[in-house]
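Undergrad: Build me a model:
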Amino acid sequence: MRLLLNPLLTACLSTVVVTSTVLATAQASEPVVVSSKIDTEGSVLGELIIQTLERHGIATQDRLQLGGTSVVRNALLAAEIDVYPEYTGNGAFFFDMTDSPVWNSADDAYQTVRERDAEQGLIWLQPASANNTWAMSIRQDVAETHGLDTLEDLASYLADGGEFKFAASAEFVESAQALPAFQDAYGFELSDDQLLVLSGGNTAATMRAAAQQTSGVNGAMTYGTDGGLTALGLRVLEDTLGVQPVYQPAPVIREDVLAQYPDIEGLLNDVFATLDLVTLQTLNADVAVNGRSADQVAREYLDSLDD
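TA: This next block holds a predicted model:
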């Protein structure tokens, strides 16, 4: 049986169809709001996310350098932003699990934040292998001369009477989770004469002391991906025993946004898979040391991946 619609009903249905189509199109074209923390590395990672999406036809809105961890995290939870780079180790604070050993394992830390945040509609994509945690670094020339790549190597070097003087903040020297934890795990102990304790917690100052060999310093408290490491000729000694919590950066995205743009996961996973420790140090240095813009650094890096 053929149904005949009267003109008024036909007009109403047409309006509904047109309106629904317009709304669907508008929704599909809404830009992905990309944010980051206010530091150098946040800017670089945020630009990598923005430019990767834009290169593949996904419109974005730039809200980079929004603020500190709590500001950006709360903005994501409130759906004010859609995606930003976060560190796996910060799950210890997000979920009140600071005493848990999971944060000392890269795999366990990632699985924990992924599972916990999935309950809140947030999806952690694959993290970079670079680890931006507290580290002990040494001058590159000393490392090469004595074959020092890990903290186990350092312990052996010290046991053999190797010359070493370490610049650090009072917090690093005194905090049970920092130098004392390294010493206990690797079986060495630095005397007062082997320490240059600087006020504050500025790694720029400790790295500069090692680079300039201030008071005989040849080692420094750093963060794993500090931009100044390469420029100042310092090498991060690998924490092979996993003494420090793992802080690997990964994009965190709202589940509904990922459902709308499912290609985002593969696109960002591919880029973050290339970010090892030296690569991220180099990108950070281009901004922090060489004074280039994060936009330019990210663009040239993505161009190099396409070559």
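
Undergrad: residues contacting the residue most central in space within the chain?
TA: Centroid-nearest residue in the chain, with CA atoms, centre = their mean: P249, separated by 2.9 Å. By CB atoms under 8 Å, 6 or more residues apart in numbering, the contact set of P249 is E41, L45, P85, E86, Y87, P127, A128, A130, N132, F272, L275, L280. Heads up, the C-betas are built off the backbone N, CA and C, glycines and all.

Undergrad: Would you reformat the residues you listed as CSV and include neighbour count?
TA: Below are the contacts of P249 laid out as CSV (neighbours: other CB atoms under 10 Å):
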residue, neighbour count
E41, 25
L45, 30
P85, 26
E86, 28
Y87, 23
P127, 26
A128, 25
A130, 21
N132, 21
F272, 24
L275, 22
L280, 25
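
Undergrad: Out of the residues you listed, name the ones that lie in strands.
TA: Mapping the contacts of P249 onto strands (DSSP state E) picks out P85, E86, Y87.

Undergrad: between these, which is nearest D295?
TA: Closest to D295 out of the ones in strands among the contacts of P249 is P85 (15.5 Å), distances taken as CB to CB.

Undergrad: looking at the sheet around the closest one, what are its partners?
TA: P251 (DSSP bridges).

Undergrad: Surely it touches I49?
TA: Yes: here P85 reaches I49: they are 6.8 Å apart, a contact under CB atoms under 8 Å.

Undergrad: what residue ranges in the chain score low on pLDDT?
TA: Applying pLDDT under 70 to the chain flags residues 1-29, 200-201.

Undergrad: and the longest strand seen in it, what does it pack onto?
TA: Secondary structure of the chain read by DSSP E shows that its longest strand is strand 60-67. Secondary-structure packing of strand 60-67 (3 or more CB pairs under 8 Å, 6 or more residues apart in numbering; DSSP states H and E): strand 32-37, helix 40-55.

Undergrad: With respect to F164, which of the ones you listed lies nearest?
TA: Among the helices and strands packed on strand 60-67, helix 40-55 comes nearest to F164, with 28.2 Å by CB to CB.

Undergrad: what does that closest one contact?
TA: 32, 34-36, 59-60, 62, 64-65, 83-85, 132, 225, 227, 249, 251, 264, 267-268, 271, 280, 283-284, 287-288, 294-295, 297-299, 301-302.

Undergrad: Now that helix: buried residues?
TA: Of the residues in helix 40-55, those with enough neighbours to count as buried (16 or more other CB atoms under 10 Å) are 40-53.

Undergrad: Q212: which of these is nearest?
TA: Among the buried residues of helix 40-55, T40 lies closest to Q212 (CB to CB), at 21.9 Å.

Undergrad: Please report how far the closest one lies from E171.
TA: Applying CB to CB, to the nearest Å, the value for T40 to E171 is 21 Å.

Undergrad: again, but for A288
TA: Per CB to CB, A288 is found 22 Å from E171.

Undergrad: out of those two, which sits in the busier spot?
TA: Neighbours were counted for A288 and for E171 using other CB atoms under 10 Å; A288 has more, 20 against 15.

Undergrad: from what I can see that one touches L229, true?
TA: No: A288 is beyond contact range of L229, at 10.4 Å (criterion: CB under 8 Å).

Undergrad: count of residues packed around the closest residue in space to G233 that isn't next to it in sequence?
TA: Sequence neighbours aside, Q140 is the residue nearest to G233 in space, at 4.5 Å (criterion: CB to CB, 6 or more residues apart in numbering). Q140 has 17 neighbours, counted by other CB under 10 Å.

Undergrad: Check the one 10 residues further on too.
TA: Using other CB under 10 Å, T150 has 15 neighbouring residues.

Undergrad: got a list of what it touches?
TA: L237, E238, D239, T240.

Undergrad: if we can go back for a sec, between the longest strand of the chain and strand 32-37, what angle do the directions make?
TA: Angle of strand 60-67 versus strand 32-37, following axes from the mean of the first three to the mean of the last three CA atoms, to 10 degrees, is 20 degrees.

Undergrad: Name the residues of strand 60-67 that are buried.
TA: Using 16+ other CB under 10 Å as the test for burial, strand 60-67 gives T60, R63, L64, Q65, L66.

Undergrad: List the contacts of the second one.
TA: Read that as R63. Residues in contact with R63 (CB under 8 Å, 6+ apart) are V33, V34, S35, I81.

Undergrad: which residues touch V72?
TA: Residues near V72 by CB under 8 Å, 6+ apart: S35, S36, K37, L66, I81, Y84, E86.

Undergrad: Swap in 7 Å and give it another go.
TA: Remark: with contacts taken as CB atoms under 7 Å, 6 or more residues apart in numbering, V72 is in contact with S35, K37, L66, Y84.
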